[in-house]
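K.L.:
build the 3D model from these lines:
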Amino acid sequence: MGEWKIITGNRAAAEAAKLARVQVVAAYPITPQTTIVEYIAHMVESGELDAKYIRVESEHSAMAACIGAASVGARAFTATSSHGLLLMHEMLHWAVGARLPIVMAVVNRSLGPPWNIHSEHQDAISQRDTGWLISFASDPQEVLDSIIILYKVCETHGVYLPGFVSLDAFILSHTSMPVDIPPQEDVDSFLPPYKPRHYLIDVENPKTYGNIAFPDRYMELRWSIQRGQELAAQKIKEYTREYAKAFGRDYQGLVEHYKTEDARHLLVTAGAMASEARIAVDKLRDEGVKAGLLKIRFYRPFPREDIEKVVEDIESITVIDRNISFGMGGAMATDLTAVLYDMGKSITLGRFIAGLGGRDVTFEHMAQMVKHTLKAHHSGEKLPPAVWFGLREW
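P.N.:
Numbering: from 1, shown residues only. Next up, the predicted model:
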């Protein structure tokens, strides 16, 4: 048992970085992420954290600094949000191609125009094809634990990919909740120092780094990234079990189940909405609906096998996305639809877009969405690829 503190999600991310003994932190402010790097700055200045703190001129430079640090064998960390993450986009691909296990906290904030600083998952979802491992947390405790676990996954030989933990703007970033901060020695036992096996820049043994790959080699390099994602899926499950044994908190791997054992109607969502979804499931159960929740913890790698196992006896699925892939629908719903198609399953599917720009989504709203899907299930109605919930009159 560690020390209990009432802290925000942003403070939890900073505490996780300290517990992971990060060696280089690249910092650039953006609302609502700024306090993460401010907390870390205080830790470095006070001597709590022995790390190099680099104040850069942009988020693009922040990721470039992390790439340089990881290239010489340092454990690197940064944090960003929204347009800052978009400015990093080019460097996100570089981090993946260089196979560098950088970990980052991303505070999910809406994208402009128009200007909006509230919660939405569009920033994280926009990075889905970069090769980064992408996870979503539902509370500050999960933010802290996920960052520590993610370092171990990313630094595994054969994975060597970067990853980020997403937390909803203000709902988690600036909301204080009880968090158990584990003892440093216990984290050290779980997460050993980073010892890279390749691509270490050494002035005594110079190598060509990031040079041109011709067509006879490039495709294999991309294939190896896919293999890294596949291995990461296995290691996430393995290390989550290991973490549960060491610290008593079991996040169940790529997904988290709630009352799915006998469920016939499944609710699927991610991030802070997943906490509210538990109450929606309880409400539906009280009304006689055999509902269950499948919380998506990792969007990349996508939890295909976990979904295949849980939907075997499911009659309807309600997916709530806090994002929109314009011209198609919610990103999670689209990927889940592909899994069901590959399985040959005919399940009534309600695919909802909700909560964009920080609009409130309550457990009552979620229960309404499930009932909307149930109505279609009983009537045989086919729902569209995206149902926008709670739109105002123009």
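K.L.:
can you show me the helices along the stretch 251-394 of the chain?
P.N.:
Remark: helices assigned in the stretch 251-394 of the chain by DSSP state H, counting those that start in this stretch are 272-286, 304-310, 331-343, 363-379.
K.L.:
show me what the helix or strand hosting Leu87 is packed against.
P.N.:
According to DSSP states H and E, Leu87 maps onto helix 82-97. On a contact count with 3 or more Cβ pairs under 8 Å, 6 or more residues apart in numbering; DSSP states H and E, helix 82-97 meets helix 59-71, strand 103-108, helix 122-125, helix 215-247. C-beta here means a position set from N, CA and C on the backbone, and glycine is covered the same way.
K.L.:
would a markdown table of those with distance to Pro303 be doable?
P.N.:
Formatted as a markdown table, the helices and strands packed on helix 82-97 follow (distance: least, Cβ to Cβ, whole Å):
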| stretch | distance to Pro303 |
| --- | --- |
| helix 59-71 | 26 |
| strand 103-108 | 19 |
| helix 122-125 | 15 |
| helix 215-247 | 7 |
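K.L.:
mind checking how far Arg227 is from Gly158?
P.N.:
Distance from Arg227 to Gly158, counting by Cβ to Cβ, to the nearest Å: 8 Å.
K.L.:
which residues sit against stretch 223-232?
P.N.:
Stretch 223-232 has contacts (Cβ atoms under 8 Å, 6 or more residues apart in numbering) with 96-97, 99, 131, 133, 153-154, 156, 158-161, 163, 300-301.
K.L.:
so which of the residues you listed comes closest to Ala233?
P.N.:
Pro301 (4.3 Å; Cβ to Cβ).
K.L.:
distance of that closest one relative to Arg249?
P.N.:
Look at Pro301 and Arg249: by Cβ to Cβ, they are 21 Å apart.
K.L.:
mind listing what Phe389 touches?
P.N.:
Per Cβ under 8 Å, 6+ apart, neighbours of Phe389: Ile320, Phe352, Ile353, Ala354, Val361, His365, Gln368, Met369.
K.L.:
tell me which two of those residues sit farthest apart.
P.N.:
Among the contacts of Phe389, Ile353 and Gln368 lie farthest apart (Cβ to Cβ), at 14.2 Å.
K.L.:
looking at the two, which is more packed in?
P.N.:
Using other Cβ atoms under 10 Å, the more surrounded residue of Ile353 and Gln368 is Ile353, with 21 against 16.
K.L.:
what residues are bridge-paired with that one?
P.N.:
Asp321, Trp388 (DSSP bridges).
K.L.:
isn't it up against Ile324?
P.N.:
Yes: if you go by Cβ atoms under 8 Å, Ile353 and Ile324 touch, sitting 5.2 Å apart.
K.L.:
joint contacts of those two?
P.N.:
Gly330, Ala386.
K.L.:
ok so, going back, buried stuff in the helix holding Leu87?
P.N.:
Within helix 82-97, the residues that qualify as buried are 82-88, 91-92, 94-97, counting by 16 or more other Cβ atoms under 10 Å.
K.L.:
tell me the angle that helix makes with helix 215-247.
P.N.:
If you take axes from the mean of the first three to the mean of the last three Cα atoms, to 10 degrees, helix 82-97 sits at 110 degrees to helix 215-247.
K.L.:
one step back: which one's more surrounded, Pro301 and Arg249?
P.N.:
For the pair Pro301 and Arg249, the greater number of neighbours falls to Pro301 (20 against 14), based on other Cβ under 10 Å.
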